[in-house]
Structures are given as C-alpha cells and as structure tokens.
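>>> dropping the sequence and predicted coords here.
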Amino acid sequence: MAEFTIVLSSPHPAPETFARLVDWDAHTAAIPFTRLHHDGEPRLGQRFVARTAIGPWGFDDPMEVQLLRRPAGNLPGVVEVVKSGQVIRGRVRWTVTPAATGSTVEWHQRINLGRLPAVLDPVVGLVGRLAYGSGLRRLVR
C-alpha cells in the first residue's frame, strides 16, 4: 500500500478551509475527470462515490466518512474517509489546524490501486502526492 502526506498553508481561517475541504461539490470542480456524487451535507457515516472517467472508460471510488470533527477554537478539524472500491482502496485523513496567517492542512493518504504490485508503491505515492496536491491547492485558495 502506497502512502503519502501533503502539507500546505491556506490563507483562510481553519473553519473556512475545513468547509472548503468537505464541500464535495467543490471536489468535482477541482479534480479533473472526476464527479463526486453525494447526498446532503458532510456527516459521520456519509457514503458517496467519486466517478472518474474519460469518455466511456472510468471507475467508481466509493467512500465513507468515518470521522468528522470541525475545528473549534485552537483545536484542529479532522476528517477520515475510507475508500472501498475495486480500483482504489485505502484511507485518507486530513487535519486543518489554525495558524497565525490562516490555517495549515495536513493530508495523509494510504492507497492501494487494484492489482498493482507493491514494488510500484513508491510510484503510486509520488503520483498520488502530485495529483492530490494539485486538487488540494485548488480547493483551499
């Protein structure tokens, strides 16, 4: 299983940055070739699916929110999502911590792609960090 961590600064206060990261519709706008299907506001136990496709070729990435704690005062907000699809499996955990000039996001992901051998985990981690990092920067600006 590949792992990677992304740390970035947001100019926005922690509650606003957190809200941007749990705005599932914003993920659709920020992540190329992916449309996130969900029902309602972000909540514990919520299930949703990200459909990634180019033309007729694509796959579903079903997920479930297993932890959702909004930032309060100086306490960070935390979200944990489990990915349980046939193509992508794993766990994502992100925190949004108040900072002097906005907030800091730390995104940690463990990801397993289909039947790829473990020897490719470093490549999967690098590509994941680059791809997710790009989407995260769009979400928090």
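Good, I have the coordinates. Values in this document were obtained by computation on a predicted structure and should not be read as measured data. Numbering: from 1, shown residues only.
>>> from here on, contacts and neighbour counts on C-alpha atoms
Will do.
>>> any idea which helix or strand in the protein has the lowest mean pLDDT?
Within the chain, confidence by mean pLDDT, DSSP states H and E is lowest for helix 24-30 among all helices and strands, at a mean of 87.
>>> what strands line up against the helix or strand just after that one, and which way round?
Downstream of helix 24-30, the first helix or strand assigned by DSSP states H and E is strand 34-37. Here strand 34-37 has these sheet partners by DSSP bridges: strand 47-54 (antiparallel).
>>> show residues contacting the partner strand.
Residues from elsewhere that reach strand 47-54 (CA atoms under 8 Å, 6 or more residues apart in numbering): 33-39, 58-65.
>>> please apply the same query to stretch 125-139.
By CA under 8 Å, 6+ apart, stretch 125-139 touches 2-6, 8, 20-21, 26-27, 30-31, 111.
>>> partner residues bridging the residue nearest the centre of the chain?
In the chain, the residue lying closest to the centroid (CA atoms, centre = their mean) is V92, at 6.1 Å. Beta bridges link V92 to V81, Q109 when assigned by DSSP bridges.
>>> give me the phi and psi angles of P32.
As for P32, its main-chain torsions (degrees, to the nearest 10) stand at phi -60, psi 140.
>>> from here on, call the first residue 22.
Taking 22 as the first residue, the last one we looked at is P53.
>>> just give me the neighbour total for it.
13 (other CA atoms under 10 Å).
>>> next one: it from P77, what distance?
In this structure, P53 and P77 are 15 Å apart, going by CA to CA, to the nearest Å.
>>> check D60 too.
In terms of CA to CA, D60 sits 24 Å off from P77.
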